[in-house]
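>>> Quick one, structure for this:
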Amino acid sequence: MELSDLYSEKILELAGNALQPGRLSHPDASARKVSRVCGSVIEVDVAVRDGVIVGYGHEISACALGQTSAAVVAREIVGTPVDNFLRLRHTMHDMLKSDGSPPSGKWEDLRYLEPVRDYPARHMSTLLVFDAVAAALEKIESDPRVAADG
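Predicted coordinates for the structure are as follows:
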């Protein structure tokens, strides 16, 4: 497969029609992740109540692969239990790094990123949003004040 084949019509459609949620004004936690390989950057904000993600925002500067991942996350994350999102992150890592199956259900559009598996240099930008959200969720979990408020 040629590198240009990664950028399928569906990938370009998802990235091109991506929801741009902007940043949250009062998040419970934020995190910033940068791909050392390509320079893609994402900053995410999350709000969690009773173990469910109730608010999400992001600002992103990434390739179409990173934008596609972020677009699906922005579209689907609100209403997702924290544990389910962390399992999704694990599924995405397995899909790209261990020949795992792609996500299903409301996350099934992430299957279009499965060909990224063959391009390790593109893994980090594709996984950036998942790693950023997980980092923000870890901040919430480790801060007793946030946990008490949520």
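
>>> which residues of the protein fall in helices?
9-16, 64-76, 82-97, 123-142, 144-149 (DSSP state H).

>>> Ignoring the adjacent residues along the chain, who's closest to residue 143?
Spatial nearest neighbour of residue 143, excluding adjacent residues (Cβ to Cβ, 6 or more residues apart in numbering): residue 29 at 7.5 Å. For the C-beta atoms, the positions are set from N, CA and C on the backbone; glycine is no exception.

>>> Please tell me how far that neighbour sits from residue 85.
Going from residue 29 to residue 85 by Cβ to Cβ, to the nearest Å gives 13 Å.

>>> Give me the common contacts of the two.
Residues touching both residue 29 and residue 85 (Cβ atoms under 8 Å, 6 or more residues apart in numbering): residue 137.

>>> From residue 117, how far off is residue 77?
Counting by Cβ to Cβ, the gap from residue 77 to residue 117 is 23 Å.

>>> out of these two, which sits in the more crowded spot?
residue 77 (23 against 17; other Cβ atoms under 10 Å).

>>> Hmm, that one is touching residue 134, no?
No. Distance between residue 77 and residue 134: 11.8 Å, which falls outside the contact criterion (Cβ atoms under 8 Å).

>>> who touches both of these two?
Contacts common to residue 77 and residue 134, judged by Cβ under 8 Å, 6+ apart, are residue 85.

>>> pLDDT score assigned to the nearest residue to residue 110 once chain neighbours are set aside?
Leaving aside its sequence neighbours, residue 110 sits nearest to residue 103 (Cβ to Cβ, 6+ apart; 4.8 Å). pLDDT, residue 103: 97.

>>> Quick one: find the helix or strand in this structure with the lowest mean pLDDT.
Across the helices and strands of the chain, mean pLDDT, DSSP states H and E gives its lowest value to helix 144-149, namely a mean of 52.

>>> before we move on, back to that, now do the contacts for the residue nearest to residue 110.
Contact analysis of residue 103 by Cβ under 8 Å, 6+ apart lists 88, 91-92, 95, 110-111.

>>> what's the closest of those residues to residue 20?
Here the nearest of the contacts of residue 103 to residue 20, counting by Cβ to Cβ, is residue 110; it sits at 18.8 Å.
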